[in-house]
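my questions concern the predicted model and sequence given below.
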Amino acid sequence: MSGSWLDLPDHHAWLAAEEARLTGFAAASALNGGGFAWLNSSGRPDPGRPVMTWITARMTHVYAMAHLRGEPGAGTLADCGLAALRGPLRDSVHGGWFPGMTVQESSPEPIDTTKAAYEHAFVLIAASSATAAERPGAVDLLADALGVVEDRFWDDTAGMCRESWDRSWSQSEPYRGANSNMHMIEAFLAAGDATGDPVWHRRALRIAERIVHQVAAGHDWRLVEHFTPDWEPDLDYNIDDKHHQFRPYGTTVGHWLEWSRLLLHLDATLAAGPEGALGTVPEWLLTDAVALFDAAVERGWGVDGADGFVYTLDWQDQPVVRERMHWVIAEAILAAAALCKRTGESRFEHWYRAWWDYAAHYHIDRVEGSWHHELDSANRPSQTVWPGKPDIYHAYQATVLPRLPLAPSPGAALRRILEDERA
């Protein structure tokens with residue numbers, strides 16, 4: 001397709017400038033004792049919040065990528081995250097990772113002893129990207145994380161990941177979630193690329209087939225988030241806690257877009273690997289990605305009278321939580337970019353431009369830095385669900401991934417670019 005922003009050097013330069021602005025802002029989150037802090041709206045560490053594993057892992061991934069892109073100092077920041085992931089955030093007794101730790105540098109303590117798939121997915125992503133960036137200790141961390149995920153979370157019978165365990169791995173939570181499994185797809189793609197083992201790619205396909213091709217398709221592309229232990233949809237889950245940060249009631253429109261993008265990465269990964277050589281890449285990966293994207297635009301964009309994606313919908317497509325989250329518009333941008341690359345259709349280019357315009361006008365904070373993580377229904381900064389500016393993972397990827405191929409995963413792609421330039 002001619003005239004695409006995705007092909008314009010000036011647009012790439014704008015993305016690179018925003019990328020650098022984001023990594024500069026987030027550098028303040030690095031802690032002397034290792035790990036990354038939750039940042040407030042002004043970009044200062046929030047002293048009232050612990051060091052969260054998901055934030056530390058995400059920021060390790062970001063700065064590993066920034067190092068691969070040639071940003072001075074980024075490798076040292078990635079090492080700061082690795083130190084915490086190999087140290088106090090890890091359970092040295094039973095293995096696996098705690099959700100977070102207190103901020104006392106001398107003797108940090110876990111804030112909770114639950115072992116959750118969500119955090120472990122990001123540890124795996126961080127380790128994969130840091131391995132691609134050749135950071136010290138990353139290979140050992142990757143092997144450790146793969147072993148934990150293999151032994152504790154992967155359920156081969158279901159073809160899905162369990163949600164969480166107690167500290168000693170003796171009792172599993174009677175809940176199954178799509179969100180953690182979605183990020184496990186991202187993690188499995190990265191791990192398969194980092195290790196060269198296609199079993200992780202095949203497992204990612206099994207997760208996607210169940211959640212999207214079976215369940216979401218069976219609910220007219222309304223993505224189901226919450227399930228029973230037997231993987232039966234639980235449509236009333238958290239009906240009394242609609243604003244929950246990670247498990248809100250109803251369906252989360254931003255995840256429709258994020259799944260759409262991940263299906264395309266999976267499609268490209270399988271096409272480039274031995275599965276593609278055998279001609280077995282499922283056609284539904286593309287058709288389902290388009291269906292999820294179209295449903296998100298129709299049911300989630302501007303449905304309450306103002307631009308922006310509402311956070312959640314009920315099962316009759318009525319808005320429940322109307323706040324606009326920065327990660328949703330970032331994933332919308334990435335889904336549009338991926339579909340534009342995969343299909344060449346101009347309608348995806350249209351939405352790519354429209355959503356960058358929206359992000360630039362409403363979410364990008366040019367006064368205090370980074371992006372406003374949440375807007376109210378009138379597109380004014382708010383903090384109902386997400387206080388402060390915890391991390392830059394979604395915004396950063398929105399600036400980098402449109403300039404990379406759909407496969408391999410970002411860390412592996414940047415490693416390959418470096419190697420090609422050296423050759």
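Sure thing, it's come through. Residues are numbered from 1 along each chain as shown.

what's the weakest-modelled helix or strand in this protein?
Comparing every helix and strand of the chain by mean pLDDT, DSSP states H and E singles out helix 274-277 as the least confident one, with a mean of 63.

what mean pLDDT does whichever helix or strand comes after that one have?
Where DSSP states H and E defines the elements, the next helix or strand beyond helix 274-277 is helix 284-300. Averaged over helix 284-300, pLDDT sits at 98.

restrict helix 284-300 to CA atoms and write it as PDB.
In PDB, the C-alpha atoms belonging to helix 284-300 read as follows (Å, rounded to 0.1, in the frame of the first residue of the first chain):
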ATOM      1  CA  TRP A 284      -8.200 -18.500  11.100                       C
ATOM      2  CA  LEU A 285      -5.300 -16.600  12.700                       C
ATOM      3  CA  LEU A 286      -5.800 -13.800  10.200                       C
ATOM      4  CA  THR A 287      -9.600 -14.000   9.900                       C
ATOM      5  CA  ASP A 288     -10.000 -14.000  13.600                       C
ATOM      6  CA  ALA A 289      -7.600 -11.100  14.100                       C
ATOM      7  CA  VAL A 290      -9.700  -9.000  11.600                       C
ATOM      8  CA  ALA A 291     -12.900 -10.000  13.300                       C
ATOM      9  CA  LEU A 292     -11.700  -9.000  16.800                       C
ATOM     10  CA  PHE A 293     -10.400  -5.700  15.400                       C
ATOM     11  CA  ASP A 294     -13.700  -4.900  13.600                       C
ATOM     12  CA  ALA A 295     -15.700  -5.800  16.700                       C
ATOM     13  CA  ALA A 296     -13.600  -3.500  18.900                       C
ATOM     14  CA  VAL A 297     -14.000  -0.600  16.600                       C
ATOM     15  CA  GLU A 298     -17.700  -1.100  16.200                       C
ATOM     16  CA  ARG A 299     -18.500  -1.700  19.900                       C
ATOM     17  CA  GLY A 300     -15.800   0.100  21.800                       C
END
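
helix or strand right after it?
Tracing the chain past helix 284-300, the next element assigned as helix or strand by DSSP H and E is strand 312-313.

chain center to that following strand, what's the gap?
19 Å (CA atoms, centre = their mean, to the nearest Å).

what packs against that strand?
Applying 3 or more CB pairs under 8 Å, 6 or more residues apart in numbering; DSSP states H and E, we find strand 312-313 packed against strand 251-252. All C-beta atoms are positioned from the backbone trio N, CA, C, and that covers glycine.

report all helices and strands that the strand it packs on contacts.
Contacting strand 251-252 under the criterion 3+ CB pairs under 8 Å, 6+ apart are the following elements: strand 312-313.

which residue, other than its chain neighbours, is closest to D91?
Taking CB to CB, 6 or more residues apart in numbering as the measure, D91 lies nearest to F98, with 6.0 Å between them; neighbours along the chain are not counted.

what residues are up against the one you found?
In this structure, F98 makes contact with 53, 89-91, 110-115, judged by CB atoms under 8 Å, 6 or more residues apart in numbering.

quickly find the element holding the residue nearest to the spatial centre of the chain.
To find the centre residue of the chain, average its C-alpha atoms and take the closest one (CA atoms, centre = their mean): that gives H183, at 5.9 Å. Using DSSP H and E, the secondary-structure element containing H183 is helix 178-195.

same check on D236?
Residue-wise, D236 maps onto no helix or strand under DSSP H and E.

could you measure from it over to Y249?
If you measure D236 against Y249 using CB to CB, to the nearest Å, the figure is 8 Å.

now do the residue nearest to D91 against A116, distance only.
F98 sits 9 Å away from A116, taking CB to CB as the criterion.

go on, H183?
Distance of H183 to A116, given as CB to CB: 11 Å.

same question, D357
Counting by CB to CB, the separation of D357 from A116 is 36 Å.

neighbour-wise, which of these two wins?
Neighbours were tallied for D357 and for A116 using other CB atoms under 10 Å; the higher tally belongs to A116 (23 against 11).

spit out the contact partners of the residue lying closest to that one once chain neighbours are set aside.
When the adjacent residues along the chain are set aside, A116 lies closest to S164, with 4.2 Å between them (CB to CB, 6+ apart). The contact partners of S164, taken as CB under 8 Å, 6+ apart, are 114-117, 172-173, 175.
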